[in-house]
Every structure is written in C-alpha cells, then in structure tokens.
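Colleague: Structure, please.
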Amino acid sequence: MLNVPFVPTDPAYRWPEKDPAAYLDFAIDITAYLASDPAAGFAGDTLAGFAVSVRPSGPGEMTPLAPSTIGNLLVVWLSGGVSGRFHIVQFVATFGSGRVQAFEVGIAISPLLAQFPLPPPASTGPCVPVSWEAGTP
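Modeller: Numbering: from 1, shown residues only. Presented below is the predicted three-dimensional model:
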C-alpha cells in the first residue's frame, strides 16, 4: 500500500504511476487534517465516513473499489485505466462534527502500452462514488 504522508489539497499532489492492469491499494493520511485547527474546537473529531470517485470516467477508465480505513488512513483500491491517461481521485470525508472536506490526488496510468492519440473518455466527470461509513470493516 502506498501511504501519502501529507494530506493533499489540490490535484497537483500525485501518487506514483499505475499500470492499467494493476489492482492496487492507495491511501491518504488525514492525521494532519484532524489536528489542523484545535482552536476551532475540532480536537478529537472523528471520521464518520468518506466517498471516493475518479475522473474522468467511463468504460475502461480507472475504477475505485473497496474503500476502508486503517487508523487515520483513507484507503481505496484502484483498478483499470487507459494507458497514458491522467486521473484525479477525490476523497470526500465527513467528520463527526459535521465538517466535510474533499482531498484530491492525481495518478497517471503508465503510457507504455498507449496508442496515441488517446481516445477521449466517455465522461470528463467523476464516476459513481464508492463509500465507507464508520463502524464498517
């Protein structure tokens, strides 16, 4: 599993390149975010749930699967993708205090097998999100 030690706030943050045939787990660490504003009264706030989506989306594009947590890590498995395409993975986390925060990470699909020009994706928007709620494994 690849762990992001810093909570990304824009898609300029990137995970390592992924092979289109690989089914791999990726994570972001929200520890720093949970401790980011103790003056606002968020000390001790807890994760209530999160949803993950990927854009662009459509047949053959990268798909998020099996969201889960390990401590303060938000984990998602990523499958598929079109060779040469760049994706944005968005986590939308909801906290016990009612806060909602989106975190985005970019990830490229290896261009080794790409045929250029790349076909356009079916949608530039996100796929249907997958979700995790507190209390589930």
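Colleague: Give me the phi and psi angles of the closest residue to residue 71 other than its chain neighbours.
Modeller: Nearest in space to residue 71, with sequence neighbours left out and distances taken as CB to CB, 6 or more residues apart in numbering, is residue 31 at 8.0 Å. Glycine gets a C-beta too; all of them are placed from N, C-alpha and C. Torsion angles at residue 31 (phi, psi; degrees, to the nearest 10) stand at phi -60, psi -50.
Colleague: For residue 31, give its distance to residue 69.
Modeller: Noted for residue 31: a distance of 12 Å to residue 69, by CB to CB, to the nearest Å.
Colleague: out of the two, which sits in the busier spot?
Modeller: Neighbour totals were compared for residue 31 and residue 69, and residue 69 leads with 17 against 12 (other CB atoms under 10 Å).
Colleague: How about the more buried one: which residues does it bridge to?
Modeller: Assessed by DSSP bridges, residue 69 has beta-bridge partners residue 74.
Colleague: Quick check: bridge partners of the residue nearest to the spatial centre of the chain?
Modeller: Taking CA atoms, centre = their mean, the centroid of the chain lies closest to residue 89, which sits 3.9 Å from it. Beta-bridge partners for residue 89, by DSSP bridges, are residue 54, residue 105.
Colleague: so who does it touch?
Modeller: Neighbouring residues of residue 89 by CB atoms under 8 Å, 6 or more residues apart in numbering: 15, 26, 52-54, 62, 64, 76, 78, 104-107.
Colleague: again, 10 Å this time
Modeller: Residues near residue 89 by CB atoms under 10 Å, 6 or more residues apart in numbering: 8, 11, 15, 26, 28, 52-55, 62, 64, 76, 78, 103-107, 126.
Colleague: likewise residue 45?
Modeller: 33, 34, 35, 37, 38, 95, 96, 97, 98, 99.
Colleague: cutoff 7 Å now
Modeller: Residues in contact with residue 45 (CB atoms under 7 Å, 6 or more residues apart in numbering) are 34, 95, 96, 97, 99.
Colleague: And the residues you listed, which is closest to residue 132?
Modeller: Using CB to CB, residue 95 comes nearest to residue 132 of the contacts of residue 45, at 13.3 Å.
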